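>>> build the 3D model from these lines:
(chains A and B)
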2 protein chains.
Amino acid sequence: MSERTQNYRITLQYEGSRYDGWQKQGNTDNTIQGRLEAVLSRMCGEPVEVHGSGRTDAGVHAAGQVANFHLPRAAAARQTGEKAASGGSRKPEEVMEYLNHYLPEDIAVTSCSLAPDRFHSRLNAVKKTYVYRIETGPKRDVFARRRQYGLGQKLDVEAMRKAAKLLCGTHDYKSFCGNRKMKKSTVRTVSDIAIRQETGSTVLTLYFTGNGFLQNMVRILTGTLIEVGQGKRSWQSMPSLIETMDRQEAGFTAPAEGLCLERVYYEE
Amino acid sequence: MSERTQNYRITLQYEGSRYDGWQKQGNTDNTIQGRLEAVLSRMCGEPVEVHGSGRTDAGVHAAGQVANFHLPRAAAARQTGEKAASGGSRKPEEVMEYLNHYLPEDIAVTSCSLAPDRFHSRLNAVKKTYVYRIETGPKRDVFARRRQYGLGQKLDVEAMRKAAKLLCGTHDYKSFCGNRKMKKSTVRTVSDIAIRQETGSTVLTLYFTGNGFLQNMVRILTGTLIEVGQGKRSWQSMPSLIETMDRQEAGFTAPAEGLCLERVYYEE
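Predicted structure coming up:
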């Protein structure tokens, strides 16, 4: 345990529409991580680094992203002139309130707690669930439009479900990796892909759960499943598609706006 | 029945955030009515007037606004070179498709049908339901933020329900009229005000149903109910508040973003 800093864990929501994704960029920063670091650094009067459970692409949303950061203990209390809490560390509620006050309205912290010094939101994550929403009907829902892909076309859901089942498991998912120069292992375990459609709704919701996802992987899996639903490829072709290890063979990259990082799981 | 024109009835959704309300304005038009008329006039090659069931204020949304308009019969078919339908009138599906293609993405037509020549969306409306959403919790929902008022404060819902009951009935609602120079009758019948809160949610949803509402009336009723929920006024004071016929005595005008025209009822 560090004496100089206190580790915090936060859960956050964001509507990714107007951001260049999670990961901080150089000078023209317009990222979620950048916004969080700017507010925390302002609060502490010194640079603060924020670690996310994973990078979300430009335009992708989050309902349950998890991040962590270390804040200076005593210095923080000195800077603001506030009464020092136990060991000079800020209360999680105060940190959350400060963040929600200064963050733009499309980023919100929904929980904040003290974390053990060794906790790391990315390294300790054991599982994640992403959700992809597709509007299959001709009508556009003006209130949900920023969160779903307006395909406007009926899909063969049963064929998609059969394909989804074959896409699960522990595989080398190189065919579904957006980064063609990926040097690290592209083996991942996808434990579940569920496809749901509420009665009377034309919105199809795809739930992807796995121990990790490659760059654009959920969007390429979704694009492939959409092509199965359109009859452009058969559900039976999924195993051989995985085997090709060739991105060219898989489906299109479904648009960012339909994707949302729903939940990140940790061992308790 | 007019021989020259065909009457159409549409139901529409809009996110009112970036518009100056329903009603068409002069030169710098940025209204829902203006957008609809522009698209329909373009389709027909001559000016088309759209009648709405009622004006919604700047920033107010609609999930079920109803409007109607007359389109020229034969002329329309000539203009586009399309095959003339029965009597030269356009098919409702075609009109809906055209509108949804050219309207901005925050306005959507969800149904379109042929209407009797005498049908008028405002004059024939017998009842309307407006919904007002209030976020009472400290957390902001980034996905719903454009549709709800972020009060961020707990309210005494039981007191609000008692007050709501006393605000219903057939009354002169002058105290709740935003237009102080209103010359017509300010008597209206509010048949129901329901206040709901889903289990585990901090969002309070108010449903107002009545035969008509005065300018800003739902927002002033909401502001008054919020003040009851805050303990700033008693639920018992509602009858005398109605009796004063004085806008100054009622509560604040709740912000536009929380309000949505949910449904318009007609006699079938």
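
>>> within range of chain B, give me the residues from the stretch 51-200 of chain A.
Contact residues, the stretch 51-200 of chain A versus chain B (C-beta under 8 Å from any C-beta of the partner chain): A:61, A:63, A:97, A:100, A:105-108, A:110, A:138-143, A:145, A:147. (Each C-beta comes from the backbone N, C-alpha and C, glycine too.)

>>> just the residues you listed: which are in strands?
A:61, A:63, A:107-108, A:110 (DSSP state E).

>>> just the buried members of those?
Neighbour counting with 16 or more other C-beta atoms under 10 Å in any protein chain shown marks A:61, A:63, A:107-108, A:110 as buried within these.

>>> ok so, going back, between the ones in strands among the residues of the stretch 51-200 of chain A next to chain B, which is nearest B:Ala256?
A:Ala108 (21.3 Å; C-beta to C-beta).

>>> wait, A:Glu249 sits on A:Glu243?
No - using C-beta atoms under 8 Å, A:Glu249 is not in contact with A:Glu243; the gap is 9.5 Å.

>>> neighbour count winner among those two?
Each of A:Glu249 and A:Glu243 has its neighbours counted (other C-beta atoms under 10 Å in any protein chain shown); A:Glu249 has more, 16 against 13.

>>> quick check: the more buried one vs chain B, distance?
With distances taken as C-beta to the nearest C-beta, to the nearest Å, A:Glu249 is found 33 Å from chain B.

>>> cool, and A:Val218?
19 Å.

>>> can you report how many residues neighbour that residue?
28.

>>> for A:Arg196, same thing?
For A:Arg196, using other C-beta under 10 Å, the count is 12.

>>> contact partners for it?
A:204-205, A:207 (C-beta atoms under 8 Å, 6 or more residues apart in numbering or on different chains).

>>> same thing but at 7 Å, please
Contacts for A:Arg196 (C-beta atoms under 7 Å, 6 or more residues apart in numbering or on different chains) come out as A:Thr205.

>>> mind checking pLDDT for it?
As predicted, A:Arg196 sits at a pLDDT of 97.

>>> run through the bridge partners of it.
A:Thr205 (DSSP bridges).

>>> right, and A:Ile10 touches A:Ala67 too?
Yes - in terms of C-beta atoms under 7 Å, A:Ile10 counts as a neighbour of A:Ala67; the distance is 5.4 Å.

>>> how about the strands in the stretch 51-200 of chain A?
Per DSSP state E, counting those that start in this stretch, the stretch 51-200 of chain A carries strands over the ranges A:61-72, A:107-115, A:125-135, A:149-150, A:169-172, A:187-197.

>>> where does chain A dip in pLDDT?
A:1-2, A:27, A:74-87 (pLDDT under 70).

>>> can you map out the helices along it?
A:32-44, A:74-80, A:92-102, A:157-167, A:217-229, A:238-244 (DSSP state H).

>>> in stretch A:38-53, what's buried?
So, applying 16+ other C-beta under 10 Å, buried residues of stretch A:38-53: A:38-40, A:43-44, A:48, A:50-53.

>>> and the end-to-end length of that stretch?
Stretch A:38-53 has an end-to-end distance of 19 Å (C-alpha to C-alpha, to the nearest Å).

>>> just how off-centre is that stretch within its chain?
Relative to its chain's centre, stretch A:38-53 lies at 20 Å (C-alpha atoms, centre = their mean, to the nearest Å).
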